[in-house]
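Novice: sequence unavailable; structure follows:
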């Protein structure tokens, strides 16, 4: 829970879309909420009234994981909400399973193959999605992920074995990805229905995350870059072990700080809210405090990422949560190492630990 939530304006209070239904949050902008089988138990998806080449229809933004429940919810939306109009395109903000999972299925019209439309996505996200769908590049599981976390202090054999056995995690949640896509880039302006939406690229949470901003109506589909209740996960991945994603993420937040104060943020998790600048201030303070904790801990003794996890996450974690926690602990350590505050060395046990520079 975020103790500072009262500083944000939840414009719809406790109202939520019904499962398999939608809720209009602005003219032609509809909110769908789909369940997830994780501690983070939902994802927000968006349906935008659209017209392409004279054909009226819909643009879908983000898709949910591949699951029977979410497919059934989408089928109800297709049959009951679209007013007989087709989906015209699918936009995916980034490659994580809860966003990309059903993209191919929706692009080809669901169970009834109602249409065949293009996936729109940034190159970085599309490419990384293809890499992870092939069983590589993800921290979620597999031999590479287990070796990555073992090098950073995860020594529990049961946990490492569980990680190795999760090598099909991403391909199960994202069983297929369209073989073709349309590239979107930072600064692109997409005409969707009656609105122009600018692509705002962000980094750190994923390779090339695409938020969408309509300046005229002060609407921001923020994806995972700005969330109201939880801090966006920022992890160092096995495929880029010396990466500095936290520095990239904090720099990316500056893109949202210049937006109007009354911008309505439509996040992927949590509820729509106003107060983007306030939330960014909270996120910056959160990471400043965590970096101070990490720096102080490393001054007391050499610390691995596994040593830092209990400082940052004061609760019992299952293996799914542990992958996020270790990745995020390492993101804070790498920022301090790469800015010269810490140095690192590999011990005789093969574990990387950090100490003051």
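Specialist: That came through fine. All of these numbers come straight from a predicted model, not from anything done at the bench.
Novice: and the helix or strand hosting residue 162, what does it pack against?
Specialist: Using DSSP states H and E, residue 162 falls within helix 157-164. On a contact count with 3 or more C-beta pairs under 8 Å, 6 or more residues apart in numbering; DSSP states H and E, helix 157-164 meets helix 143-151, helix 319-338. The way it works is simple: take the backbone N, C-alpha and C, and place the C-beta from them, glycine included.
Novice: ok, and for it, which residues are buried?
Specialist: 159-160, 162-163 (16 or more other C-beta atoms under 10 Å).
Novice: need the residues you listed in TSV (columns: distance to residue 256).
Specialist: Formatted as TSV, those follow (distance: C-beta to C-beta, whole Å):
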residue	distance to residue 256
159	36
160	38
162	37
163	34
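Novice: looking at those residues, which is nearest residue 235?
Specialist: residue 163 (14.1 Å; C-beta to C-beta).
Novice: the helix holding residue 162 vs helix 319-338, what angle?
Specialist: Interaxial angle of helix 157-164 relative to helix 319-338 (axes from the mean of the first three to the mean of the last three C-alpha atoms, to 10 degrees): 90 degrees.
Novice: so residue 340, which state does it fall into?
Specialist: Under the three-state scheme (DSSP: H, G, I helix; E, B strand; the rest coil), residue 340 adopts coil.
Novice: look up the closest residue to it, ignoring the ones flanking it.
Specialist: Leaving aside its sequence neighbours, residue 340 sits nearest to residue 357 (C-beta to C-beta, 6 or more residues apart in numbering; 5.5 Å).
Novice: what's the neighbour count on the one you found?
Specialist: Using other C-beta atoms under 10 Å, residue 357 has 12 other residues around it.
Novice: swap in residue 123?
Specialist: 13.
Novice: likewise for the one 4 residues further on?
Specialist: Residue 127 sits with 16 neighbouring residues when counted by other C-beta under 10 Å.
Novice: what do you get for residue 53?
Specialist: The local packing of residue 53 (other C-beta under 10 Å) involves 5 other residues.
Novice: how much space between it and residue 98?
Specialist: Distance of residue 53 to residue 98, computed by C-beta to C-beta, to the nearest Å: 31 Å.
Novice: can you tell me the element residue 345 falls in?
Specialist: Going by DSSP H and E, residue 345 is part of strand 342-346.
Novice: mind listing what's buried along that strand?
Specialist: 342, 344.
Novice: and the closest residue to residue 7 other than its chain neighbours, what pLDDT?
Specialist: With sequence-adjacent residues excluded and distances taken as C-beta to C-beta, 6+ apart, residue 7 is closest to residue 278, at 5.1 Å. Residue 278 carries a pLDDT value of 96.
Novice: check whether residue 278 sits in a helix, strand or coil.
Specialist: helix.
Novice: what is the neighbour count of it?
Specialist: Residue 278 has 16 nearby residues by other C-beta under 10 Å.
Novice: residue 256 versus that one, what's the distance?
Specialist: Going from residue 278 to residue 256 by C-beta to C-beta gives 11 Å.
Novice: wait, the residue nearest to residue 7 sits on residue 5?
Specialist: No - under the criterion of C-beta atoms under 8 Å, residue 278 is not in contact with residue 5, lying 10.4 Å apart.
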